[in-house]
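**Student:** any chance you can model this:
(one chain, ligands or ions: 3)
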Amino acid sequence: MTTVNAARLHARIAALARFGALPGGGVTRSCWSPPHEEARAWLLSEIRGAGLQAWVDPAGNVFGGLGASSFSAGTPAVVTGSHIDTVPEGGILDGALGVLAGLECLQAIREAGAAAPRPLVVAAWSDEEGRYGSLFGSRAFCGRLDAAALPTMTAVDGEPLVTAMARAGFDAARAPEARAPEGAVHAYVELHIEQGPRLDEAGVPIAVVDSIVGVRRTRLIFTGQADHAGTTPMERRRDAFLAAAEYSLSARELVVERGGGRSVTNIGVVYVHPGVSNIVPGRAELVHEMRSPDADVLERLAQACEALAREVGERRGIGVEVRRMSATIPVACSPKVQAAVEGACKQLGLGWKTLYSAAGHDAQNLALITDSGMLFIPSQGGKSHRVDETSDPAAIERGANVLLHTLLTLAS
Ligand code: HGY
Ligand code: MN
Ligand code: MN
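**Tutor:** Ligands and ions are numbered 1, 2, ... in the order given. Presented below is the predicted three-dimensional model:
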């Protein structure tokens, strides 16, 4: 039975973690940043060193092919992968596990001379973490990029996409050319850490993912009046930050109460302007993110929160602007891919449980063009998007071996 080389996989995980490594552990490796581009070059050399074909598309997606050096409708490929970009101060496994386990699987299959009647490709999708609107690279690959929006796309820190991509040697205007030929992907399966506590607390080694949440991001701009923080009488103040704060607390209650029990909300970006202690905030900006496995619930919550923002603004005499930034749709994972993962678990004598993914993933874009699915390994303590994100090395090896047998099943 073909198995992965666990030592080689762990060594690559440790090597990739060095790009953007933080002194206290963890990593910051935003897409198109210098550490990310160094990591891209390293990954391309590892792909070639593994005896695979390596190529990069106009959206910056990196590919490694066994039996393929590009995508073509004539020879549909089985694809696996994830992403090598990270959130700021993130962990070393989110994304990296799926890319490096996929690379390991293809190399192990090649070295074993195992039969794979279809081409196998491993992908590292650009900007999965959404510095420029979520799941950028896989959106381009699946033909879902809004070309007209590219010239004005900016990160929350104001850096234009065009500038970031040009610094990395890419022309943002060409990103839509990354669209895959119709029918070029036979199936897609992604290995990822769960990033939550369910598997770890259940003591189950593998999750078969049956659906992936939709993620909606909205920018809200509250406009009041800057004023002297000492001399302006309290009853005359039009404090934009207090309106944003009231909205934030009320939106959380709304989503918890009316979200059907599986919806979540977060406000992780807050700007106050002019942002000094002796001026009443004239302007406050929030990025509000909501997630749900149910598209109708997500839409209903978005409308209710927009109405809430306007009501708070009206009552406080504060202007409110609501700008929808990005929205991914919840997707069901392919029963064929789920069955292939379950079959691999049985082959390896591993227990599994079926979970929905509360995180967004590139697999939800691939679901728009092919049979797409995921498998998870446990995150210790459910920790992720934090520097102490970790998984047991034996869990990593189990996940990679389940991925290998899943790929062989899908390719047969
Ligand atoms: O935010 C997410 O759901 C994923 O980690 N990108
Ligand atoms: Mn991820
Ligand atoms: Mn992530």
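**Student:** tell me who's in contact with residue 195.
**Tutor:** 94, 358, 359, 379, 382, 384, 385, 389 (CB atoms under 8 Å, 6 or more residues apart in numbering). For the C-beta atoms, the positions are set from N, CA and C on the backbone; glycine is no exception.
**Student:** let's go with 6 Å and repeat that
**Tutor:** For residue 195, the contact set (CB atoms under 6 Å, 6 or more residues apart in numbering) comprises 359, 379, 384.
**Student:** and what of residue 194?
**Tutor:** Contacts of residue 194 by CB under 6 Å, 6+ apart are 376, 378, 379.
**Student:** with adjacent residues omitted, what lies nearest to it?
**Tutor:** residue 376 (4.1 Å; CB to CB, 6 or more residues apart in numbering).
**Student:** looks to me like that neighbour is in a strand.
**Tutor:** Yes: checked against DSSP: H, G, I helix; E, B strand; the rest coil, residue 376 lies within a strand.
**Student:** which residues touch it?
**Tutor:** Residue 376 neighbours (CB under 6 Å, 6+ apart): 192, 194, 207.
**Student:** how many residues are close by the residue of the chain found nearest ligand 1?
**Tutor:** Ligand 1 sits closest to residue 359 of the chain, with a gap of 3.4 Å, by CB to the nearest ligand atom. Residue 359 has 18 neighbouring residues, counting by other CB atoms under 10 Å.
**Student:** pLDDT at it, what is it?
**Tutor:** Per-residue pLDDT puts residue 359 at 98.
**Student:** how close does it get to ligand 2?
**Tutor:** 6 Å (CB to the ion, to the nearest Å).
**Student:** for that residue, give me its contacts.
**Tutor:** By CB under 6 Å, 6+ apart, the contact set of residue 359 is residue 195.
**Student:** in which helix or strand would I find it?
**Tutor:** For residue 359, there is no host helix or strand (DSSP states H and E).
**Student:** cool, residue 320 as well?
**Tutor:** strand 319-327.
**Student:** and which of the contacts of residue 376 is nearest ligand 2?
**Tutor:** residue 192 (5.9 Å; CB to the ion).
**Student:** how is the closest one assigned, secondary-structure-wise?
**Tutor:** Going by three-state DSSP: residue 192 is strand.
**Student:** give me the beta-bridge partners of it?
**Tutor:** Assessed by DSSP bridges, residue 192 has beta-bridge partners residue 376.
**Student:** kindly state the beta-bridge partners for the closest residue to ligand 2 within the stretch 201-350 of the chain.
**Tutor:** Nearest residue of the stretch 201-350 of the chain to ligand 2 (CB to the ion) works out as residue 212 at 11.2 Å. Listed by DSSP bridges, the beta-bridge partners for residue 212 are residue 331, residue 357.
**Student:** next up, the contacts around it.
**Tutor:** Neighbours of residue 212 in contact, by CB under 6 Å, 6+ apart: 331, 357, 361, 364.
**Student:** quick one: it from residue 74, how far?
**Tutor:** Residue 212 is 30 Å from residue 74, where distance means CB to CB, to the nearest Å.
**Student:** swap in residue 96?
**Tutor:** In terms of CB to CB, residue 96 sits 32 Å off from residue 74.
**Student:** which one's more surrounded, these two?
**Tutor:** residue 96 (28 against 7).
**Student:** surely that one and residue 16 touch.
**Tutor:** Yes: in this structure, residue 96 is within contact of residue 16 by CB atoms under 6 Å, at 5.1 Å.
**Student:** got phi/psi on residue 229?
**Tutor:** phi -70, psi -10 (degrees, to the nearest 10).
**Student:** what's the pLDDT at it?
**Tutor:** For residue 229, pLDDT reads 98.
**Student:** my read: it touches residue 281, true?
**Tutor:** No: contact criterion CB under 6 Å: residue 229 and residue 281 do not qualify, at 9.4 Å.
**Student:** neighbour count winner among the two?
**Tutor:** residue 281 (26 against 14).
**Student:** give me the nearest residue to that one, chain neighbours excluded.
**Tutor:** Using CB to CB, 6+ apart, the nearest residue to residue 281 is residue 241, at 3.9 Å.
**Student:** which positions in the protein make contact with ligand 1?
**Tutor:** Within the chain, the positions adjacent to ligand 1 are 94, 128, 129, 359, 360 by CB under 6 Å from any ligand atom.
**Student:** adjacent strands (with direction) for the strand holding residue 320?
**Tutor:** Paired strands of strand 319-327, defined by DSSP bridges, are strand 214-223 (antiparallel).
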